[in-house]
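S.K.: Predicted model and sequence below, questions to follow.
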Amino acid sequence: MSPDPHRKPGSILRVAVAAPLMDAFDYLPPAPVSEGGSTAPSLLPGQRVLVPFGQGRRVGILLELRDTSDQDPARLKPIERPLDPHPVLGAADLTLIRWAADYYRQPIGEALFSALPARLRQAKPIIDEQVPGVSATPDGRALDLETLRRAPKQRELLALVRSVPEGIPVTDLNACLGPCAATLRSLRARGLLETCRIVPAGPVAHAPRVQPAPGPGLNTDQAEAVGRVAAGLGGFNPFLLDGVTGSGKTEVYIRLIEAAAARGAQTLLIVPEIGLTPQLRERLTSRLPDPPAVLHSGLAAGDRERAWHRAASGLAGVVLGTRSAVFVPLPRLGLILVDEEHDASLKQQEGFRYSARDVAVRRAQLLGCPVVLGSATPSLETLNNAQTARYGWLRLPQRAGAACTPRTSLLDIRNQPLQAGLSAVLREEMRTEIAAGNQVLLFLNRRGYAPVLTCHACGWVGDCPHCDARLTLHLARRRLWCHHCGWTRPLPSACPDCKGTDLRMLGRGTERLDEELRALFPGVGIARLDRDTTRRRGELARLLDEVRRGEVQILLGTQMLAKGHDFPGVTLVGILDLDQSLYASDFRAPERTAQLIVQVTGRAGRAERPGRVVLQTRHPEHPLLQSLLRDGYTGFATTALAERREAELPPFSHLALLRAEAPAAETATAFLNQARLIAEGPDEGRAEPLADSGVHCYGPVPAPMERRGGRYRAQLLIQSSQRPQLQRFLAGWSLALRALPRSKGLRWSLDVDPQDMY
Ligand code: ADP
Ligand code: ZN
Ligand code: ZN
């Protein structure tokens, strides 16, 4: 369409609606633009608008104002109205989110709304943040409080209000002093107080401001790390903070937050999991003058929205959040920190698939600020960026303070008699530690009682009817459970096939280990930490508390143990069964296993007591275990990176995975075959064959677990040594895929930089 000469510049509104659609849509301004008038001044990019869409209306975000449309302007509809007086996303936010939607080939509307509180997907106004409050008048501030000694309630109330110069919400007064309407009236009548409207800062803010607690003096490594990042404030400078567990990474974050705050900048701190935030939050709160704004999906919607406002208004100095916090608008942002950057949960695995770590780096680059990726077990991608000097490499090889690094040894359990899965050596060491008043941690990465239930007479095995998977036996709940689709059935008393009653439980999960340990170590305090024992709210905190108070001598659990909690009293760690994951098919399996071992190990011996780690295995010669023990995580990573280079796997190539699933295997495969044909076909606007453009297509192949939840899953892998080439290919290809006719029951998704290959 050629520009319409009568149309004012910028009178086409490009709007992304809150729906999983790749495209944005063109609209006209709400009221006809009057002759000689300009576009309605209140329409700005980043503003929420209500638009007619299909048969109904949708909330959208105004992306830009254009001069022309690709569509016939006569057929464009006007938007209904703007929803808020101001944009909810700034220009920098729009740039970042549009980049992410483009890079990950995800719907723009989904991406935009992931940056906003959920309520704003609906046509509701932004909450008026202001509430009724009172503040002291000049007379009220000058008054000698002694003159009110006959009116103690008035004196107390006035004193409280005077302590907060900007005023206190009336609801907070009631919460602090009980109902006080009459007292308020008297003070107002005497001209000592006046009403006002204020933004509540939350109850913490009214607690008398205590001086932040001082931190320990930094050691040389920490000081150097802080110095190098602080010197990089004000420009794009990416860093890997490569510090063993307990080396004081968090301490480095705190100093950096202070350095950024001294320049008036906000800091964004991203963590992988909700379970980690309470400890970190307490620490930040006690050390910084203002509490952090906390953002994660476990919060009540209202709390989350309030925190979002504190962040987006620039009020909060520090924002602590999980994944999606990486998109939160921050007008004064000057520093981004990503803790546990290796953690797979930083990658969103459904809907809008993105890596919060990678988006964080991009955000820092667009904005021009430092980004620090911290980990004791850096991902091979990040480590490679550090080794090739694309990232600054900050190393904290020693534990901070007096703590020393635990010793790790392999224990060959071939031909060893085991009790409760424990070798005699490990049992003996456990007894010694317990007798000395120390704690023992046992790591078994499988929950439930037993992973297999079988009939001794006929060989029947309890399989999930919907998945290619065994049912796990949960004895306490007397059920068989599928850990993949959630299907469950009562524990049968006889074999469903031959009616025989000799049903046997094979293998061992944490529930069984728990039971066996109680028999093996009578009278010893035992706590189990897995998803089953921590399902109820508050249960995790209670268990951790028991451990900390020393009521527990043996702590056993799944990989939950590897996540951020410290167990200073633990002097012995037993890693019981990792052999399966040594031979898993996913190319990231060795990396994940090494990270798990090092992270679990890092929980022990934090205080002055040295820790010891015993790793039971039937494959003591395995190269992964050997390199890990000999050279530590960095040694392992060097070996693993060499293997990745050899195999042309990330970070030495770039991947995208097209997944498809359907009730029938053929449907999924047919779709992927078609996708492959399109990819390799000549009419893709590409002159040369696909392989010549440096992009390779592998598959389709069935997913490692082909049937799950009653659906058959298959995948097609796209690989390229060059990111720009992959991106160029995906742009055209993903559009063509969306144009394909939909087979019944077919679902598919495209995952750029996939973390898991299933
Ligand atoms: P990480 O985040 O690397 O696991 P932390 O910052 O939590 O490490 O530090 C581990 C422990 O060491 C904490 O108890 C912390 O208070 C303490 N610590 C950190 N830095 C120092 C230091 N320079 N001197 C003494 N103790 C320190
Ligand atoms: Zn049977
Ligand atoms: Zn199942």
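M.R.: Here it is on my side, so go on. Numbers count the residues shown, from 1 in each chain. Ligands and ions are numbered 1, 2, ... in the order given.

S.K.: Number of residues surrounding the closest residue in space to P331 that isn't next to it in sequence?
M.R.: Once flanking residues are discounted, P331 sits nearest to G314: 4.3 Å by Cβ to Cβ, 6 or more residues apart in numbering. For every residue, glycine as well, the C-beta is placed using N, CA and C. As a burial measure, G314 scores 14 neighbours (other Cβ atoms under 10 Å).

S.K.: now R479
M.R.: Using other Cβ under 10 Å, R479 has 15 neighbouring residues.

S.K.: you'd agree it is up against R489?
M.R.: Yes: between R479 and R489 there is a contact at 6.8 Å, judged by Cβ atoms under 8 Å.

S.K.: Is the residue nearest to P331 in a helix, a strand, or coil?
M.R.: coil (DSSP: H, G, I helix; E, B strand; the rest coil).

S.K.: And for V59?
M.R.: Secondary structure of V59, per three-state DSSP, is strand.

S.K.: What separation do you get for it and R306?
M.R.: Distance of V59 to R306, computed by Cβ to Cβ, to the nearest Å: 21 Å.

S.K.: so what's A494 up against?
M.R.: By Cβ atoms under 8 Å, 6 or more residues apart in numbering, the contact list for A494 reads G500, T501, L503.

S.K.: Worst mean pLDDT across the helices and strands of the chain, which element?
M.R.: Using mean pLDDT, DSSP states H and E, the weakest-scoring helix or strand in the chain turns out to be helix 203-206, at a mean of 43.

S.K.: For the very next helix or strand once past it, list every residue counted as buried.
M.R.: Once the chain leaves helix 203-206, the next helix or strand it forms, by DSSP states H and E, is helix 220-231. Judged by neighbour count using 16 or more other Cβ atoms under 10 Å, the buried positions of helix 220-231 are D221, Q222, A225, V226, R228, V229, A230.

S.K.: Give me the contacts around stretch 656-666.
M.R.: 667-669, 671-672, 675, 700, 702-703, 706, 708, 710-718, 726, 730, 737, 743-754, 757.

S.K.: my bad, stretch 611-628
M.R.: Residues from elsewhere that reach stretch 611-628 (Cβ under 8 Å, 6+ apart): 405-414, 421-423, 425-426, 429, 570-579, 582, 590, 593-594, 597-598, 601, 604-605, 629, 635-636, 639-640.

S.K.: Are any of those residues buried, and if so which?
M.R.: Buried members of those, counted by 16+ other Cβ under 10 Å: 405-406, 408, 410-411, 413, 421-423, 426, 429, 570-578, 582, 590, 593-594, 597-598, 601, 604-605, 629, 636, 639-640.

S.K.: Which members of the residues you listed are positioned in helices?
M.R.: Among the buried ones among the contacts of stretch 611-628, DSSP state H puts 426, 429, 582, 590, 593-594, 597-598, 601, 629, 636, 639-640 in helices.

S.K.: Turn these into JSON lines, columns for pLDDT and distance to C495.
M.R.: Shown next, in JSON lines, are those (pLDDT from 0 to 100; distance: Cβ to Cβ, whole Å):
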{"residue": "L426", "pLDDT": "95", "distance to C495": "35"}
{"residue": "E429", "pLDDT": "94", "distance to C495": "40"}
{"residue": "L582", "pLDDT": "82", "distance to C495": "33"}
{"residue": "P590", "pLDDT": "90", "distance to C495": "39"}
{"residue": "T593", "pLDDT": "91", "distance to C495": "36"}
{"residue": "A594", "pLDDT": "92", "distance to C495": "41"}
{"residue": "I597", "pLDDT": "89", "distance to C495": "39"}
{"residue": "V598", "pLDDT": "90", "distance to C495": "43"}
{"residue": "T601", "pLDDT": "84", "distance to C495": "42"}
{"residue": "L629", "pLDDT": "88", "distance to C495": "44"}
{"residue": "F636", "pLDDT": "91", "distance to C495": "45"}
{"residue": "T639", "pLDDT": "89", "distance to C495": "47"}
{"residue": "A640", "pLDDT": "92", "distance to C495": "45"}
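
S.K.: out of those, who's nearest ligand 2?
M.R.: L582 (32.7 Å; Cβ to the ion).

S.K.: tell me the contacts of the closest one?
M.R.: Contacts for L582 (Cβ under 8 Å, 6+ apart) come out as A589, P590, T593, T617, H619, H622, L624, L625.

S.K.: Try it again at 7 Å.
M.R.: Taking Cβ atoms under 7 Å, 6 or more residues apart in numbering as the contact definition, L582 lies against T593, H619, H622, L624.

S.K.: what do you get for Y253?
M.R.: L269, L337.

S.K.: so it sits in a helix?
M.R.: Yes: Y253 forms part of a helix when assessed by three-state DSSP.

S.K.: how close does it get to ligand 1?
M.R.: 8 Å (Cβ to the nearest ligand atom, to the nearest Å).

S.K.: Next to ligand 1, which bits of this protein? Give me the list.
M.R.: Within the chain, the positions lying close to ligand 1 (Cβ under 6 Å from any ligand atom) are 216-219, 222, 243, 245-251, 400-401.

S.K.: just the buried members of the residues you listed?
M.R.: With burial judged by 16+ other Cβ under 10 Å, the buried subset of the residues of the chain next to ligand 1 is L218, N219, Q222, G243, T245, G246, S247, G248, K249, T250, E251, A400.

S.K.: you'd agree the fifth one is up against A376?
M.R.: Yes: using Cβ atoms under 7 Å, T245 is in contact with A376, at 4.6 Å.

S.K.: Mind giving me the PyMOL select for the contacts of stretch 656-666, buried ones only?
M.R.: Paste this into PyMOL to select the buried members of the contacts of stretch 656-666, with burial taken from 16+ other Cβ under 10 Å:
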select buried, resi 667+668+669+671+672+675+700+702+703+706+708+711+712+713+714+715+716+717+718+726+730+737+743+746+748+749+750+751+752+753+754+757
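
S.K.: Just the contacts of stretch 656-666: which are in strands?
M.R.: Taking DSSP state E, the ones among the contacts of stretch 656-666 that sit in strands are 700, 702-703, 706, 708, 711-718, 747-752.

S.K.: Please report the distance of E621 from T510.
M.R.: Distance, E621 to T510, using Cβ to Cβ: 28 Å.

S.K.: What of R58?
M.R.: Taking Cβ to Cβ, one finds R58 at 47 Å from T510.

S.K.: Those two: who's more crowded?
M.R.: Legend: neighbour count by other Cβ under 10 Å for R58 and T510, higher for T510 (26 against 21).

S.K.: Check what pLDDT that one gets.
M.R.: The score at T510 is 95. That number is its pLDDT.

S.K.: can you check G538 too?
M.R.: Note on G538: pLDDT of 82.

S.K.: same thing with P208?
M.R.: With respect to pLDDT, P208 has a value of 44.

S.K.: Quick one, which of the residues of the chain next to ligand 1 has the minimum pLDDT?
M.R.: G401 (67).

S.K.: what are the ranges of the strands in the stretch 251-400 of the chain?
M.R.: 266-270, 293-295, 318-321, 333-338, 370-375, 392-396 (DSSP state E, counting those that start in this stretch).
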